[in-house]
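> coords please:
(chains A and B)
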Amino acid sequence: MDLLNALVALANFVIVPGLAYGSQLALGALGVTLIYGILRFSNFAHGDTMAFGAMSTILFTWWLQSMGVSFGPLPTALLALPVGIAATALLVLLIDKSVYRFYREQKAKPVILVIISMGVMFVMNGLVRFIIGVDDQRFADGERFIITAREFKEMTGLDEGLAIKSTAALTVVVAIIVVAFLFWFLNKTRTGKSMRAFSDNEDLALLSGINPERVVMITWIIVAGLATIAGVLYGLDKSFKPFTYFQLLLPIFAAAIVGGLGSPIGAIAGGFVIAFSEVLITYAFKKVAGYVFPAWEPDGLIQLLSTDYKFAVSFSILIIVLLFRPTGLFRGKAL
Amino acid sequence: MKKLLLASAAMALVSNAALADGHSEIKIGVFLGFTGPIESLVANMGPAAEMAIAEVNDSGALLGGAAVSSVRGDTTCTDAAAATAAAERLITSDGVKGLVGGDCSGVTGAALTNVAVPNGMVMVSPSATSPGLSHANNEDEGLFFRTAPSDARQGVVMTEVLLEEGVNEVAVTYTNNDYGKGLADSFQEAYEAAGGKITINAAHEDGKADYSAEIGALASAGGQRLVVAGYVDQGGSGIVRSALDTGAFDLFHFPDGMIGTALVENFGAEIDGSSGQHPAPSDELAAAFTALVDGKFEATSPFAPESYDAAALIMLAMQAAESAEPGDYKSKIMEVANAPGEKINAGELAKGLEILANGGDIDYVGASGVELIGPGEAAGSYRVVGFENGEEVTAGRK
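Okay, here's the model as predicted:
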């Protein structure tokens, strides 16, 4: 019984939040890694692309809600997702046509593209704030919980509760579907193969008749889709505030680099490594230890590091990986 | 054309100088964060201070009919360098005789040590609450006062509220800045001295993406309530959301930074049974000040009454000292603020000036019930808050 309690406490405060946060980071990191693999630069505007996608979805969700449309127990935002993706895809394609294409034709160095993406980031940053404002926006509806901590306690008779939010479960499920679809697309379809060919060797790909502008366009559309889905899931699970999306950029990049930039599997693994290391290393094991060893009553919290250091944890991992395995865990491209 | 411009500019200069010679005009700096994180509060604090100045000016009773006017300076609330420069400008180029401000604790401390003390300038802050600004050993040379209570006092009030409700074990999380850290530390000191137990005292950063790590640690430490010394528009709400969702805590205690309409909007009935407190004048004083302001700005906005009082104290002390020089009137501020003497409410500044001119004594009450203690800071009156059926209710006063 005590062991069960320990397991439940661990699941409630470490495993469930870690899985949800990890999936959100993984979806974000996938977008970053695709841009890096195919367009060959680090896209700093990705966090704000997520914010823009989430914002357009929210605006459409509000309209749907005002029309009385709902999606039963699931959030209405899922219905609005295609519209959000379309709006975001339009915006990034517009930016590509007006900004990035010019530099692509100049064969600008990646570092120049990185700086340009920062400029784009600030513009999008302002755009989102201009349209929806800087405050918290709530748009989640439907069932909030699959099971609440109180229900779980009553059901099982355990001392510890386990809460599973429907948005957390939804995040994991959607992340799995999206990742499966992406892998199928990249490995099995003609367009996906041409994208990989373009990523592996641009000149060879051009010689074999692949249309580079088409590859670039499809990449941006997929990235817009990934960013919007990641942004909306994050907003549903926590809340939508433009500033937090800007803050998300750092852990997302850490995830993509730890996994190996340019490697989709790496992005997913990196997302979970970063999320779990942040939660696990700063977790206070006092309660869990109390259940496992009832005789032992520790004075301290049995906490490896104070939660102040959780960002230090992800960046230490980043530095260690870069020192010993510069291409990341899954052999992405060298930086 | 050019000549005409030059000539009129020269004329303006001359006439300005002539005016300055003719009348003795006293300037008071309104040194608040007109831009930055609390600009929405300052939108009411600035006009409140200026209202007191205008009231005295209209009465014509200050120092035998001296005109008094206000000059604004921007603290930015966060940028110490910008605040220092603004204070420097107010004192050296505008020639103010007293400062109402600063507003946020960090910039107020910077402006005080770098500018006000070297220039011997009096500062009366309406809103800086950090215990770090209590100058028990006269480091401020008697120049710094505040009409808002120090958070050291809030720590004591919080302890009383919690112990009265039978809560003797809590977990504490605070926003990682001067305000949060100062409040959490003063609470820990008071609470432990009174026999309470703090299981963990951990910081959280504002505006972060995810608070599950913080909640994991707080839940593991446990406690009857979670004390959230943060901001309701910032990470504080994220922490509460996460604590409720994981079932880590059902009951909370909210200090002043968390009390606001957004709290009930965000959580409704989910925080029923929680408690909190924030500095607020009594209902009678608040009603009187609201009537006086008459819709010119939001009279009940936090720290607006304190701003009116800060400006009023400076001018009353000048009258008592019969001098507008900070060095002369700094010692009079405590006298006019406290008993003995006739009670002066907001809107009665002319009467107060009259009494002082005739050599009488006043006890300034003002808009916020001013009572200065220790090294010149407000004793503070707190409204204790409870939450019932998704509504914020007044549970008492301290």
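
> what residues are up against the residue in the stretch 151-300 of chain A positioned nearest to chain B?
Relative to chain B, the nearest point of the stretch 151-300 of chain A is residue A:284 (3.8 Å; Cβ to the nearest Cβ). Every C-beta, even on glycine, is put in place using the N, C-alpha and C of the backbone. By Cβ atoms under 8 Å, 6 or more residues apart in numbering or on different chains, the contact list for residue A:284 reads A:301-303, B:200, B:216-217, B:220-221.

> What of residue A:65?
Residues near residue A:65 by Cβ under 8 Å, 6+ apart: A:76, A:139, A:141.

> May I have the phi/psi pair for the residue of the stretch 151-300 of chain A closest to chain B?
phi -90, psi 120 (degrees, to the nearest 10).

> and the residue nearest to residue B:281 when sequence neighbours are not counted, how many residues sit next to it?
Distances taken as Cβ to Cβ, 6 or more residues apart in numbering or on different chains place residue B:368 nearest to residue B:281, at 4.5 Å, with adjacent residues excluded. Residue B:368 is flanked by 29 other residues according to other Cβ atoms under 10 Å in any protein chain shown.

> thought residue B:368 was touching residue B:282?
No. Residue B:368 is beyond contact range of residue B:282, at 9.3 Å (criterion: Cβ atoms under 8 Å).

> hang on, the earlier thing: make a PyMOL selection of whichever of the contacts of residue A:284 turn out to be buried.
Here is the PyMOL command that picks out the buried ones among these, judged by 16 or more other Cβ atoms under 10 Å in any protein chain shown:
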select buried, (chain A and resi 301+302+303) or (chain B and resi 200+216+217+220+221)
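
> Tabulate the contacts of residue A:284 (TSV), appending pLDDT, distance to residue B:143 and secondary structure.
Shown next, in TSV, are the contacts of residue A:284 (pLDDT from 0 to 100; distance: Cβ to Cβ, whole Å; DSSP: H, G, I helix; E, B strand; the rest coil):
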residue	pLDDT	distance to residue B:143	secondary structure
A:301	71	43	coil
A:302	78	48	coil
A:303	75	44	strand
B:200	88	39	strand
B:216	85	46	helix
B:217	86	42	helix
B:220	84	46	helix
B:221	84	42	helix
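
> Out of the contacts of residue A:284, the closest to residue B:155 would be?
Nearest to residue B:155, judged by Cβ to Cβ, of these is residue B:200 at 16.9 Å.

> need the contact list for residue A:177.
Neighbour list for residue A:177: empty [criterion: Cβ under 8 Å, 6+ apart].

> Not counting its neighbours along the chain, what's nearest residue B:334?
Residue B:334 sits nearest to residue B:372 (Cβ to Cβ, 6+ apart), 5.6 Å away.

> Strands along the stretch 251-398 of chain B, start to end?
B:252-254, B:275-279, B:342-345, B:362-366, B:372-373, B:377-378, B:382-388, B:391-397 (DSSP state E, counting those that start in this stretch).

> buried sites along the last one?
With burial defined by 16+ other Cβ under 10 Å, the residues of strand B:391-397 counted as buried are B:392, B:395.

> residues making contact with it?
Residues outside strand B:391-397 that contact it (Cβ under 8 Å, 6+ apart): B:259, B:263-264, B:275, B:282, B:381-387.

> Look at the residue of chain B found nearest chain A and say how many residues are nearby.
Of all residues in chain B, residue B:247 sits closest to chain A, at 2.4 Å by Cβ to the nearest Cβ. By other Cβ under 10 Å, the residues close to residue B:247 number 21.

> rewinding a little: could you export the contacts of strand B:391-397 to JSON lines, including columns for distance to chain A?
JSON lines is the format used below for the contacts of strand B:391-397 (distance: Cβ to the nearest Cβ, whole Å):
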{"residue": "B:259", "distance to chain A": "17"}
{"residue": "B:263", "distance to chain A": "12"}
{"residue": "B:264", "distance to chain A": "14"}
{"residue": "B:275", "distance to chain A": "21"}
{"residue": "B:282", "distance to chain A": "32"}
{"residue": "B:381", "distance to chain A": "31"}
{"residue": "B:382", "distance to chain A": "27"}
{"residue": "B:383", "distance to chain A": "25"}
{"residue": "B:384", "distance to chain A": "27"}
{"residue": "B:385", "distance to chain A": "22"}
{"residue": "B:386", "distance to chain A": "22"}
{"residue": "B:387", "distance to chain A": "18"}
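
> closest to residue A:49 among the residues you listed?
Top of the list for closeness to residue A:49, among those and by Cβ to Cβ, is residue B:263 at 32.0 Å.

> Tell me how many other residues crowd the closest residue to that closest one other than its chain neighbours.
Distances taken as Cβ to Cβ, 6+ apart place residue B:232 nearest to residue B:263, at 5.0 Å, with adjacent residues excluded. Number of residues near residue B:232 (other Cβ under 10 Å) recorded here: 22.

> Tell me the spacing between residue B:232 and residue A:271.
31 Å (Cβ to Cβ, to the nearest Å).

> repeat for residue A:26
Distance from residue A:26 to residue A:271, by Cβ to Cβ: 3 Å.

> Find residues that contact each of these two.
Counting by Cβ under 8 Å, 6+ apart, the common neighbours of residue A:26 and residue A:271 are residue A:255.

> Break chain B down into its structural domains.
B:2-150+B:283-378, B:152-280+B:380-397 (automatic domain parsing).

> Quick check: which of those domains is nearest to residue A:167?
Nearest of these (Cβ to Cβ): domain B:152-280+B:380-397, 9.5 Å.

> hmm, which helix or strand of the chain has the shakiest average pLDDT?
Let's take chain A. Lowest on mean pLDDT, DSSP states H and E among the helices and strands of chain A sits helix A:286-292, with a mean of 76.

> who does it touch, helix- and strand-wise?
helix A:2-10, helix B:212-221 (3 or more Cβ pairs under 8 Å, 6 or more residues apart in numbering or on different chains; DSSP states H and E).

> Distance from the chain centre to the following helix or strand past it, please.
Using DSSP states H and E, the helix or strand that follows helix A:286-292 in sequence is helix A:310-324. Relative to the chain's own centre, helix A:310-324 is displaced by 18 Å; criterion: Cα atoms, centre = their mean, to the nearest Å.

> Between helix B:212-221 and helix A:310-324, find me the angle.
Going by axes from the mean of the first three to the mean of the last three Cα atoms, to 10 degrees, helix A:310-324 is angled at 120 degrees with respect to helix B:212-221.

> Give me the buried stretch members for helix A:310-324, please.
Neighbour count says helix A:310-324 has A:310-311, A:313-314, A:317-318, A:321 buried, by 16+ other Cβ under 10 Å.

> could I get it in PDB with only the CA atoms?
Written as PDB, here are the backbone C-alpha positions of helix A:310-324 (Å, rounded to 0.1, in the frame of the first residue of the first chain):
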ATOM      1  CA  LYS A 310      15.700  24.100 -13.100                       C
ATOM      2  CA  PHE A 311      16.800  26.100 -16.100                       C
ATOM      3  CA  ALA A 312      20.400  25.600 -15.100                       C
ATOM      4  CA  VAL A 313      19.700  21.800 -15.300                       C
ATOM      5  CA  SER A 314      18.500  21.900 -18.900                       C
ATOM      6  CA  PHE A 315      21.400  24.100 -19.900                       C
ATOM      7  CA  SER A 316      24.000  21.900 -18.100                       C
ATOM      8  CA  ILE A 317      22.700  19.000 -20.100                       C
ATOM      9  CA  LEU A 318      22.900  21.000 -23.200                       C
ATOM     10  CA  ILE A 319      26.500  21.900 -22.500                       C
ATOM     11  CA  ILE A 320      27.500  18.400 -21.600                       C
ATOM     12  CA  VAL A 321      25.900  17.000 -24.800                       C
ATOM     13  CA  LEU A 322      27.600  19.700 -26.900                       C
ATOM     14  CA  LEU A 323      31.000  18.900 -25.300                       C
ATOM     15  CA  PHE A 324      30.900  15.200 -25.700                       C
END
